[in-house]
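Peer 1: I need the structure of the sequence given here:
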Amino acid sequence: MNRPAQCLALWALLTLAAACGAGCDAFAYLLVKTVGPFVPEDEHKAEYGLSGRSVVVLADLKDPLVASEFPRLAMVLADEIGKFLAEQKACGPVVSQHSVEAARRTERDFERWSVAQVGTYFNTDLVLHLELFEFRTRDNPNSNVYRGYAEAAVRIVDPETNEQVWPVLAAARIVTAEALPDAVTDEPGRQEKILIEGFAEKIARHFCTYKLSEMPLRPKVK
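Peer 2: Next up is the predicted model:
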């Protein structure tokens, strides 16, 4: 070690020893002065950037009872996700859910198509696919208090390669949403709207880069 480096190392040791001798407060002060206080990052980075590519949002309901109780749920949820992505300019063109629903009605084998086939049909770069496992507006059917909960598996598929591109190390990303206490109501329609909008935004945020100070989370859904 050369002489300047030896001097620098010796100074560091002496400073550390002095701080320790002076007590914890001085040592903490030294750390703050050297490293600086921890400041949470304001910017949220997209987990997977859609980079201006065209997208079709495909929502499938896995529970027939949910499909029976909320017949328009898949369309409305997918539409809300697409709107949020478009508003944030997080991707390119988003296929209208009216077009998706039209294909469901007119294409005889639509329900048997793979996720990639849906993307190929609409000629999109990517498919944002949701499998909705649970959606309820109250804890039990006999309750008069409406408190929403939703759960879905989310993934992105490249139609050209027929490969899942997000998430990379799992079959899907499980996303949940729960209405906070101040959002609990005795109105089923209002609770459904709160839950759908909050859930859609929570899913879409995975693919957006934004500043929390400019786009805070919805206060009614966690």
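
Peer 1: mind listing the helices in this protein by residue range?
Peer 2: Here the chain has its helices, by DSSP state H, at 3-22, 24-35, 64-69, 73-87, 97-106, 115-121, 188-204.

Peer 1: Kindly report the domain assignment for the protein.
Peer 2: 3-39, 44-211 (automatic domain parsing).

Peer 1: which stretch in the ones you listed has the least confidence?
Peer 2: Least confident of the domains of the chain, judged by mean pLDDT, is domain 3-39 with a mean of 48.

Peer 1: From residue 177, how far out is residue 200?
Peer 2: 9 Å (C-beta to C-beta, to the nearest Å). No exception for glycine: its C-beta is placed from N, CA and C like everyone else's.

Peer 1: what does residue 94 give?
Peer 2: The gap separating residue 94 from residue 177 is 21 Å, by C-beta to C-beta.

Peer 1: circling back: most packed of the domains of the chain?
Peer 2: Stretch with highest mean neighbour count among the domains of the chain: domain 44-211 (a mean of 17; mean count of other C-beta atoms under 10 Å).

Peer 1: Adding distance to residue 222, write the domains of the chain out as CSV.
Peer 2: Listed next are the domains of the chain as CSV, based on distance: least, C-beta to C-beta, whole Å:
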stretch, distance to residue 222
domain 3-39, 24
domain 44-211, 6
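
Peer 1: nearest to residue 221, of the ones you listed?
Peer 2: domain 44-211 (2.8 Å; C-beta to C-beta).

Peer 1: quick one: that closest one to chain centroid distance?
Peer 2: Distance of domain 44-211 from the chain centroid (C-alpha atoms, centre = their mean, to the nearest Å) equals 10 Å.

Peer 1: Determine how far the last residue of that domain lies from the first.
Peer 2: One end of domain 44-211 sits 6 Å from the other (C-alpha to C-alpha, to the nearest Å).

Peer 1: How about stretch 157-166?
Peer 2: Distance across stretch 157-166, first residue to last, is 7 Å (C-alpha to C-alpha).

Peer 1: same thing with stretch 158-173?
Peer 2: Using C-alpha to C-alpha, the end-to-end distance of stretch 158-173 comes out at 16 Å.

Peer 1: Now tell me what touches that stretch from outside.
Peer 2: Here stretch 158-173 makes contact (C-beta atoms under 8 Å, 6 or more residues apart in numbering) with 47-48, 114-120, 124-127, 131, 153-157, 206.

Peer 1: so who does residue 45 touch?
Peer 2: Taking C-beta under 8 Å, 6+ apart, one finds residue 209 in contact with residue 45.
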